[in-house]
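Chemist: have a look at this prediction, sequence included:
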Amino acid sequence: MSAKKIVIAIDGFSSSGKSTMARQLARRIGYVYVDSGAMYRAVTLHALRGGIVNPVSGVDRPRLIADLPSLAIGFALQPDGSQHTTLNGEDVEKEIRTMEVSSWVSPVAEIPEVRHRLVALQQEYGRDKGIVMDGRDIGTTVFPHAEMKVFVNASPEVRAERRYKELQEKGTPVSYEEVLANVRERDHIDSTRAESPLRQAEDAFVLDNDRLTREQQLDTLLKLFASRSGADAATDK
Ligand code: DC
């Protein structure tokens, strides 16, 4: 079967396991993987480093908006095939995954100017298709015509448990309660913001991952991919 290159959009709540899933899928089918959340995290890291966020007054929007044109956000391919996020040429993959960045990223991602800039960059990545991108608004705003859309569902408790384990493995001192509170807060901000809130695209395939193993998830996605990139895809638009 001669498959055509398509765009795959994977959306879902934080720590739903969608990044791992998207990365595995991209590797299996030889597509480029783009973690759109990492881009919002890189902008947040810049804001934190520059003192543009303040625990009392929040994000200094005018200052952050003024800095946007000078921020170069990208990805650097590693010898093992993985990708590291870069900010003005610096590898910031580790720094963008801290609890501090996690707790400021939703208010930063709410800013329309930040979203417009990052969405334009994301659309550029998808111009030649053959891409798997994960995030919150990929199937709704970034690639509304994506041939394959997946929405990942998982309960806040299961997601917090996963994130807590990840942070513990990295040696980050944090309690499960703090992680659960952060997951719930981000869910709330991400799904109620005015600009591109997290919502399921009407034509998305819903993957409930509380009860599925990684292998079962990948298997489901590969089957979906086979149908969307083959004969079915021609009639999708
Ligand atoms: O997927 P993640 O947890 O790394 O994403 C970090 C934050 O970025 C998340 O709280 C919401 C925001 N985000 C977004 O608003 N839109 C996207 N497409 C991806 C992430």
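Modeler: Happy to help now that I have it.

Chemist: buried residues in stretch 95-113?
Modeler: 95-97, 101-111 (16 or more other C-beta atoms under 10 Å). The C-beta positions use only the backbone N, C-alpha and C, and glycine is treated the same way.

Chemist: wait, stretch 140-153
Modeler: Neighbour-count burial for stretch 140-153 flags 140, 141, 142, 143, 146, 147, 148, 149, 150, 151, 152 (criterion: 16+ other C-beta under 10 Å).

Chemist: what about that stretch and the ligand, touching?
Modeler: No - against the ligand, stretch 140-153 shows no contacts by C-beta under 6 Å from any ligand atom, the least distance being 6.9 Å.

Chemist: what's the answer for stretch 172-191, then?
Modeler: Yes - judged by C-beta under 6 Å from any ligand atom, stretch 172-191 and the ligand are in contact via 186, 190.

Chemist: got a list of contacts for that stretch?
Modeler: In this structure, residues lying in contact with stretch 172-191 by C-beta atoms under 8 Å, 6 or more residues apart in numbering are 13-15, 98-99, 102-103, 105-107, 109-110, 136, 156-157, 159-161, 163-164, 167-168, 197-199.

Chemist: what about it, distance to the chain center?
Modeler: 16 Å (C-alpha atoms, centre = their mean, to the nearest Å).

Chemist: what does stretch 22-34 give?
Modeler: Relative to the chain's own centre, stretch 22-34 is displaced by 14 Å; criterion: C-alpha atoms, centre = their mean.

Chemist: dump that stretch to CSV, restricted to CA.
Modeler: Provided in CSV are the C-alpha atoms of stretch 22-34 (Å, rounded to 0.1, in the frame of the first residue of the first chain):
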residue,chain,number,x,y,z
ALA,A,22,3.8,10.5,20.3
ARG,A,23,7.5,10.0,20.4
GLN,A,24,7.2,6.2,20.1
LEU,A,25,4.8,6.5,17.3
ALA,A,26,7.0,9.0,15.4
ARG,A,27,10.0,6.7,15.8
ARG,A,28,8.1,3.6,14.5
ILE,A,29,6.8,5.3,11.4
GLY,A,30,9.8,7.5,10.7
TYR,A,31,8.1,10.8,11.3
VAL,A,32,9.4,14.0,12.9
TYR,A,33,8.2,14.5,16.5
VAL,A,34,7.5,17.9,17.9
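
Chemist: i'd like the first residue to be 30 from this point on
Modeler: New numbering, starting at 30: the last item is stretch 51-63.

Chemist: show me what counts as buried in that stretch.
Modeler: So, applying 16+ other C-beta under 10 Å, buried residues of stretch 51-63: 51, 52, 53, 54, 55, 58, 60, 61, 62, 63.
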